[in-house]
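Colleague: My questions concern the predicted model and sequence given below.
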Amino acid sequence: MLMLAAAMLVTMHAGDTSADSGVYRCDSPGGVQFSDRPCGPDSEKVHVRDNRVGGSLGDNLPVYNYEPAPEPAEEEAPTAPGKDTCRFINSTDLRTYLARNQVFPGMTREQVQRAFGRTSEVYPTPQETWVYQTKYYGALYELTYVYFRNGCVERIEYRKP
């Protein structure tokens with residue numbers, strides 16, 4: 001019985017990680033090694049992002065501060081499609097945005113459709129624009145304009161009708 005209690009105690013403490021535990025990177029002649037303890041004077045602490053399942057959807061999201069770009073004095077020359085690629089959004093952040101039905105600059109058309117659904121209003125010129133309607137209790141509440149450039153979301157505007 002005492003052996004069983006000791007084995008349970010060791011098992012419980014083996015999975016215990018404290019908030020101040022870390023991961024350290026060490027360069028050695030055999031290659032790069034990672035350890036939970038500093039392995040020398042030149043060991044470097046590595047920041048490991050918390051990726052536990054659960055909690056609030058707002059956890060681990062990057063801060064988003066949208067500053068509208070100043071209006072150009074003259075018309076920009078259109079760039080050839082396919083030259084620019086959409087910015088990378090890691091899968092965890094993308095799933096969170098989609099679960100919250102949010103759209104951010106850099107998303108693709110497919111990601112916007114997954115977040116907002118299909119739209120009935122598409123305006124191809126002068127800049128591709130998708131318009132979404134938000135209704136509360138059957139009345140039109142808000143219009144969301146999603147502007148694309150080269151297949152990527154450039155900006156989002158929310159307007160009252």
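Modeller: It's in. Numbers count the residues shown, from 1 in each chain.
Colleague: CA atoms of the biggest strand by length in the chain as CSV?
Modeller: Ranked by residue count and defined by DSSP state E, the top strand of the chain is strand 139-149. Extracted C-alpha coordinates of strand 139-149, given in CSV (Å, rounded to 0.1, in the frame of the first residue of the first chain):
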residue,chain,number,x,y,z
ALA,A,139,-34.0,45.1,-39.0
LEU,A,140,-30.8,46.2,-40.7
TYR,A,141,-28.3,47.1,-38.0
GLU,A,142,-24.9,47.4,-39.7
LEU,A,143,-23.1,47.1,-43.0
THR,A,144,-19.7,45.5,-43.2
TYR,A,145,-17.5,46.4,-46.2
VAL,A,146,-14.6,44.1,-46.8
TYR,A,147,-12.0,45.5,-49.3
PHE,A,148,-9.7,43.2,-51.2
ARG,A,149,-6.4,43.8,-53.0
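Colleague: If you count contacts, what does the helix or strand just after it end up packed against?
Modeller: Note on strand 139-149: by DSSP states H and E, the next helix or strand toward the C-terminus is strand 152-159. Secondary-structure packing of strand 152-159 (3 or more Cβ pairs under 8 Å, 6 or more residues apart in numbering; DSSP states H and E): strand 139-149. The way it works is simple: take the backbone N, C-alpha and C, and place the C-beta from them, glycine included.
Colleague: how about the strand it packs on: buried residues?
Modeller: The neighbour-count check on strand 139-149 (16 or more other Cβ atoms under 10 Å) flags 144, 146-149 as buried.
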